[in-house]
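> kindly generate the corresponding structure for this input.
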Amino acid sequence: MRFVQTALILILTAGLLSADSIKDDLKKAKELENHGKYKEAVLIYKGLLKEKMDKDERFNVLLNIADIEFDKMERPDSALKYLEMAKSEFSENYRRMDEVYYRLGLVYEKLGKYKDAAEAYQTVAVRFQKSKYVDDALDGVERAFRKNFREYVAFIGDEPVTKLELDKELESVPPFYRSAYESEEGRKKLLENLINKRVLVKEAELRKLYLKSRFREELEKRRQQLLMRELYDEITSDVKVTEDEMRRFYNKNKEKYKIPARVTIRRVVVNSKAEADSIYEALKNGANLDSIIKTKSVAPDAKTGGWMRNLGKGSQPKPLVQKAFKMKPGEISKPIKIPGSNQYAIIKVIEKQEESYRPFEEVKPQIEKTLRAEKAKETWQKFTKSLWDKYKVKLIEESGEEKGTEEKKG
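Residues are numbered from 1 along each chain as shown. Below you'll find the model as predicted:
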């Protein structure tokens, strides 16, 4: 009996040691991956597949290998092998199977198997509607469909260029220049440009220019920018602004939405006080303003009826504007001397708008955008700071002294 108990203890201990060893290897592989040592990381991951692991751990290992092979080592064929392993080993109802199908779509697309890619993407969009990859999968379906579309406009060797791809190229042209490519001759030129791009890329790939350090550096820089943008969108996607927050902002910053007082007038400008007095009396007695402006006014705006619209309190000419704000709509002024000249003006106030504020509902979208941007910035900054702890950031001072994250933050 004692022998059996001892054997059981040894078996259990061996199991625990094996589990600890697996965790250590997983940690080591991830560290190698983070340091760009992808071949070494893949070797460890592949070795772990021979061990008895937790279901989720095995799934993660298979996806990690596929991701490195596809994204880092540019071996889509090898990535496909491990994705197919995951697909065969795990049930279709496994909670993360959408991740396998989405990656299959990417790999098939890279391999030029557009029909298979479309089917994989469609599986994500139809069967895993709550997947975080749904929108990306729908984009993938569209891309694969364009490639699989049978109405061809050219061939580059055995690779077809479809009409849908040419249409997509036209959509990418800025609207201001697009009309130049919409004619038959323009589409022909656009097709030539598209073919030129593809054959140039093919030639560059044939010459293995992607191995040049300058290209790799630029590619990595661009990749980092795109990844950070995607991460920002993901982290800030749940940021919401409430109605109460928007109303509080509106009330606190109401002066930003002030609409200044405005006045619209019509004027007659003449070259003497006597003529101005005569016109004023005529208008008081019912003379036609349109006729007088047209026949008597010497101002440039006489041709358009002497209109001066939406004048603010600081508008020019000041004497006319200041007088207009003291008058009522429909009122006609006595002659007003125009400074720096011998001219006089008679004005009629057509419309006055008192100072007011843009209503909340009108500025609500603008406020929501402002507040969401502020919240998103705060969320992003907090998230970025949390990564210093997650990745154990340490700064080395010029003196050689090491400072940890918390000390630096403080």
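
> endpoints of stretch 30-38, how far apart?
9 Å (Cα to Cα, to the nearest Å).

> show me where the stretch 101-250 of the chain has strands.
152-156, 159-162 (DSSP state E, counting those that start in this stretch).

> sort out which residues of the longest one are buried, please.
So the one you mean is strand 152-156. Residues of strand 152-156 classed as buried under the neighbour-count rule (16 or more other Cβ atoms under 10 Å) are 153-154. Backbone N, C-alpha and C define where each C-beta goes, glycine included.

> can I get the CA coordinates of that strand in PDB?
Extracted in PDB, the C-alpha atoms of strand 152-156 (Å, rounded to 0.1, in the frame of the first residue of the first chain):
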ATOM      1  CA  TYR A 152     -10.600  40.100 -66.800                       C
ATOM      2  CA  VAL A 153      -9.000  43.200 -68.300                       C
ATOM      3  CA  ALA A 154      -5.500  41.900 -68.500                       C
ATOM      4  CA  PHE A 155      -3.100  39.200 -67.600                       C
ATOM      5  CA  ILE A 156       0.400  39.400 -66.100                       C
END
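
> Ala41 is nearest to which of the strands of the stretch 101-250 of the chain?
Between Ala41 and these, the tightest spacing by Cβ to Cβ is seen for strand 159-162, at 33.5 Å.

> three-state assignment of Lys348?
For Lys348, the secondary-structure state derived from DSSP: H, G, I helix; E, B strand; the rest coil is strand.

> list the contacts of it.
Applying Cβ atoms under 8 Å, 6 or more residues apart in numbering, we find Lys348 in contact with 265-267, 283, 289, 330-333.

> out of the strands of the stretch 101-250 of the chain, the one nearest Thr370 is which?
Thr370 lies closest to strand 159-162 among these, at 43.4 Å (Cβ to Cβ).

> mean pLDDT for the strands of the stretch 101-250 of the chain: which is lowest?
For the strands of the stretch 101-250 of the chain, mean pLDDT drops lowest on strand 159-162, to a mean of 89.

> dump that strand to PDB, keeping only the CA atoms.
Output for strand 159-162, consisting of C-alpha atoms alone and laid out as PDB, is shown next (Å, rounded to 0.1, in the frame of the first residue of the first chain):
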ATOM      1  CA  GLU A 159      -2.100  36.300 -62.900                       C
ATOM      2  CA  PRO A 160      -5.300  38.000 -64.000                       C
ATOM      3  CA  VAL A 161      -6.200  41.700 -63.500                       C
ATOM      4  CA  THR A 162     -10.000  41.900 -63.100                       C
END
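
> now do it: everything it contacts.
Residues external to strand 159-162 that are found in contact with it (Cβ under 8 Å, 6+ apart): 112, 146-147, 149-155, 191, 194-195, 198.

> for stretch 106-114, same thing?
Stretch 106-114 is touched from outside by 66, 70, 76-77, 79-80, 83, 116-117, 120, 140, 143-145, 147-148, 159, with contacts defined as Cβ under 8 Å, 6+ apart.

> so, low pLDDT: which residues of the stretch 301-410 of the chain?
Scanning the stretch 301-410 of the chain with the threshold set as pLDDT under 70 gives 399-410.

> which parts of it are strands?
Going by DSSP E, counting those that start in this stretch, the stretch 301-410 of the chain shows strands at 307-311, 336-337, 344-353, 356-357, 395-396, 402-403.

> what packs against the first one?
Yep, that's strand 307-311 we're talking about. Packing contacts for strand 307-311, counted by 3 or more Cβ pairs under 8 Å, 6 or more residues apart in numbering; DSSP states H and E, involve strand 262-270, helix 318-325.

> run the last query once more with 7 Å
Applying 3 or more Cβ pairs under 7 Å, 6 or more residues apart in numbering; DSSP states H and E, one finds that strand 307-311 contacts strand 262-270.

> neighbouring strands for the strand it packs on, and are they parallel or not?
Here strand 262-270 has these sheet partners by DSSP bridges: strand 307-311 (antiparallel), strand 344-353 (antiparallel).

> kindly export that strand (C-alpha atoms) in PDB.
As requested, the backbone C-alpha atoms of strand 262-270 are provided in PDB (Å, rounded to 0.1, in the frame of the first residue of the first chain):
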ATOM      1  CA  ARG A 262     -26.100  91.200 -37.000                       C
ATOM      2  CA  VAL A 263     -27.800  93.900 -39.100                       C
ATOM      3  CA  THR A 264     -28.600  94.100 -42.800                       C
ATOM      4  CA  ILE A 265     -29.000  97.500 -44.400                       C
ATOM      5  CA  ARG A 266     -29.400  99.200 -47.800                       C
ATOM      6  CA  ARG A 267     -27.700 102.500 -48.400                       C
ATOM      7  CA  VAL A 268     -27.700 105.500 -50.700                       C
ATOM      8  CA  VAL A 269     -24.300 107.400 -50.900                       C
ATOM      9  CA  VAL A 270     -24.100 110.800 -52.500                       C
END
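
> need the contact partners of the following helix or strand past that strand.
Tracing the chain past strand 262-270, the next element assigned as helix or strand by DSSP states H and E is helix 273-284. Contacts of helix 273-284 with the rest of the structure, by Cβ atoms under 7 Å, 6 or more residues apart in numbering, involve 268, 270, 289, 292, 296, 332, 334-335, 344, 346.

> just the buried subset of those residues, please.
Among those, the ones that count as buried by 16+ other Cβ under 10 Å are 268, 270, 289, 292, 296, 332, 335, 344, 346.
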